[in-house]
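> quick one: sequence plus predicted model below, questions after.
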Amino acid sequence: MNRSKSAEFAQFSFVRDAKGGVIELPSQAMDERIMLVVDRERWGLSRLHVFEGLASRREIVEAFEAEMQRLSRISGDSVSHVTAWGRDSEELFYADEVFDGEPLPDYLARTGRVPVATVSEWMLQLIEVLESVPEDIASIEHFSTQTLQVVVDRSGKVRPFFSEFHAWMKPGARARERTREWYLAQVFCSLVGGIPVREFRCDSLPRNFDELEVRLKNVVLDALADGRPGSYEAFRSMMDELAAEGQIGEAKLELPLMPLRSWLKRDLAELETGIELPAMDYEQDPYAVSGEFRGSKGLLQILPGSDSLPVKGWLNQHHDAIRRIGRVKLNQLRVNQITDVGSLTIIGEEQVDGASLAELVGGVGPLSLAETGKLCDRLSAVLTMLESQVGGGAVWWLPPENIVFVTGTRTRAAAGRFLERKGEGAWQAIPVKLRLHQTMSSLRRGVDLPARVKDLSCLPGKKFEATRRSAVALPLIWFVLTQRHFLWDLEVSQQLCRGDDIPEKILLHLEDYQNKLVENPTELDLDLFTCLQRELVAMDSNEAVGETDSKCEDDLEARLDSMLYKGEVKLREG
């Protein structure tokens, strides 16, 4: 890869600050640089990991490619999703999504010990990841403090996150086989001791280890013994018990450093925007701030500007949504302000009292099929109405974070309680507004669409309605049924997890639409919203027929039973 200032390769462009410099992010591996880039194929930001001088050895390249292939199949809010990888001359590189945070060793060196109750909660989150991914992914199985990052998640909680993948770097070395609980115990000791990087043994423990409760100490020592029978189950059970007993919500944790947010804030201070902005508000969108714009207060979103993010780095739908500033469209969140100042763009968006679909589903859990059907019926009608308006653009992409239900409440918890009171009918009764432009949050995740659908979305006009609706419907249906974001490059069956309760007929429809959208999107003549509605009606009819048949059988049996003679029958003798 060319390391000059103007370096661009494949689908990536370097994001630059107000001074024109490349934005580098902290790294924990030797010979690794991490830079903030624009992935023009995903219409989003990525972290680009570059390993210098490692592409010259064949066995390392093979191990790297195999590990990246395995990692790309993982999706979740606790593991950074690998989106691309490759080699350039003597360098290897891979790109993953951006979760703004601080490497765990740096966090511990800066903040010190983490409360035991919080540590137990973090351990359970790591265990959940370990139990949900295939065991052949060494970069996750052989984790340490150096492979973890501390982030603020979408609900505002500080937690650990798998963000560095290094196990492929020594494919020829004979790694010692360690048990899962040994790795967990290593990170546990680092957290409770505030020790950034160290290998612990039973005779080499944190100074404050003796302060722990006796049962907890014994469980950790058994885990460090590496192979003692039952030690994993005991460790997991102890973390469960501690998390239940501890007051997690009351533990005041130091927030991690956020390089991406720091860059935006630093450039904002250096550029002459004419906008007075206080500290960034952690309670709302992580990259939106309450401030004053030309004498009016509002919630403003800070995004990369034209000097940082090329025009082609944005979804076409984004351009359609912001081209008419201040114009009101029914069911659309209005964009009131746009200011371009070099490396930054500031967008002022209409604010409403309510919660997004992502927040509501996060609060109430996966929806039932009946609720999903009502929600889909509502969204389909809203999209049809919005696109039919004069000036309304074609909608190809609508993540759950961009669907806002106007409940009249100011907190997610209050919106969730409102939803529970209204019951299933709430999805059709509550006013809804759609955010059709991109924000920093969506830039960090990227716009995930099949390549052929993306090509269609770049065409002018509102063609291929069934394709558009289905491209929007499939990820939404998957999210409300599973609480997980959909990945187009993985088959539906590969994304299923334990606990998913989706009827086989629905799964077959989802998989069928995924295949058609990936391979032949222009051939769809029925959208997935409508298909789901028809299937739910058919399922209800079959249940009703089954109940009727059962009732008929019961009635027939009763009638036959009543016709039988129940007295004594006397037979003649002789």
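Happy to help now that I have it.

> quick one, phi psi at the spatially closest residue to His437 that is not a sequence neighbour?
Spatial nearest neighbour of His437, chain neighbours left out: Ala321 (4.0 Å); criterion: C-beta to C-beta, 6 or more residues apart in numbering. Every residue, glycine included, has its C-beta placed from N, CA and C. Main-chain torsions, Ala321, degrees, to the nearest 10: phi -70, psi -30.

> quick one, what contacts Ser27?
Ser27 makes contact with 33-34, 49, 103, 164 under the criterion C-beta atoms under 8 Å, 6 or more residues apart in numbering.

> going through those residues, which ones are buried?
33-34, 49, 103, 164 (16 or more other C-beta atoms under 10 Å).

> in strands, which of those appear?
Among the buried ones among the contacts of Ser27, the subset assigned to strands under DSSP state E consists of 33-34, 49, 103.

> from those residues, pick the one nearest Thr83.
Lowest distance from Thr83 to those (C-beta to C-beta) belongs to His49, with 11.5 Å.

> domain boundaries for the chain, per the record?
8-59+83-96, 101-250, 260-271+285-349, 355-533 (automatic domain parsing).

> nearest to Glu67, of the ones you listed?
Closest among these, using C-beta to C-beta: domain 101-250, at 4.0 Å.

> quick one: that closest one to chain centroid distance?
Centroid separation between domain 101-250 and its chain, computed with C-alpha atoms, centre = their mean, to the nearest Å, is 22 Å.

> over to stretch 40-59?
Relative to its chain's centre, stretch 40-59 lies at 22 Å (C-alpha atoms, centre = their mean).

> picking that back up, I'd like the buried ones among the contacts of Ser27 as JSON lines, with pLDDT appended.
Converted to JSON lines, these look like this (pLDDT from 0 to 100):
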{"residue": "Arg33", "pLDDT": "91"}
{"residue": "Ile34", "pLDDT": "93"}
{"residue": "His49", "pLDDT": "94"}
{"residue": "Pro103", "pLDDT": "94"}
{"residue": "Glu164", "pLDDT": "91"}
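
> in JSON lines, list those along with distance to Arg228.
Formatted as JSON lines, those follow (distance: C-beta to C-beta, whole Å):
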{"residue": "Arg33", "distance to Arg228": "41"}
{"residue": "Ile34", "distance to Arg228": "38"}
{"residue": "His49", "distance to Arg228": "36"}
{"residue": "Pro103", "distance to Arg228": "31"}
{"residue": "Glu164", "distance to Arg228": "29"}
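
> measure the most centrally placed residue in the chain to Val335 for me?
For the chain, the residue sitting closest to the mean C-alpha position, by C-alpha atoms, centre = their mean, is Asp77 at 4.6 Å. The spacing between Asp77 and Val335, counted by C-beta to C-beta, to the nearest Å, is 28 Å.

> give me the pLDDT for Met169.
On pLDDT, Met169 comes in at 78.

> isn't Asp527 right up against Arg469?
Yes. The pair Asp527 / Arg469 is scored as a contact, 3.5 Å apart, by C-beta atoms under 8 Å.

> give the residues shared as contacts by the two.
Common neighbours of Asp527 and Arg469, counting by C-beta under 8 Å, 6+ apart, are Ser380.

> more crowded one of these two?
Taking neighbours as other C-beta atoms under 10 Å, Asp527 and Arg469 compare with Arg469 leading, 25 against 21.

> and the gap between that one and Ala394?
Applying C-beta to C-beta to Arg469 and Ala394 gives a distance of 11 Å.

> that older thread, so the residue nearest to His437 touches Val335, yeah?
Yes. Using C-beta under 8 Å, Ala321 is in contact with Val335, at 6.7 Å.

> what bits of the protein have low per-residue confidence?
Scanning the chain for pLDDT under 70 picks out 1-10, 154-155, 170-176, 246-251, 273-286, 291-298, 424, 543-574.

> again, 50 this time
1-8, 173-174, 248-250, 281-283, 569, 571, 574 (pLDDT under 50).

> quick one, what contacts Ile477?
Counting by C-beta under 8 Å, 6+ apart, Ile477 touches 372, 376, 510, 528, 532.

> turn the residues you listed into TSV, columns for neighbour count, secondary structure and distance to Val151.
Converted to TSV, the contacts of Ile477 look like this (neighbours: other C-beta atoms under 10 Å; DSSP: H, G, I helix; E, B strand; the rest coil; distance: C-beta to C-beta, whole Å):
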residue	neighbour count	secondary structure	distance to Val151
Thr372	20	helix	30
Cys376	23	helix	32
Leu510	24	helix	30
Leu528	27	helix	33
Leu532	23	helix	34
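
> where do the strands sit along the stretch 201-350 of the chain?
Applying DSSP state E, counting those that start in this stretch to the stretch 201-350 of the chain gives strands spanning 288-293, 296-304, 335-341, 344-349.

> any idea what Glu102 is bridged to?
According to DSSP bridges, the residues that bridge with Glu102 are Val150.
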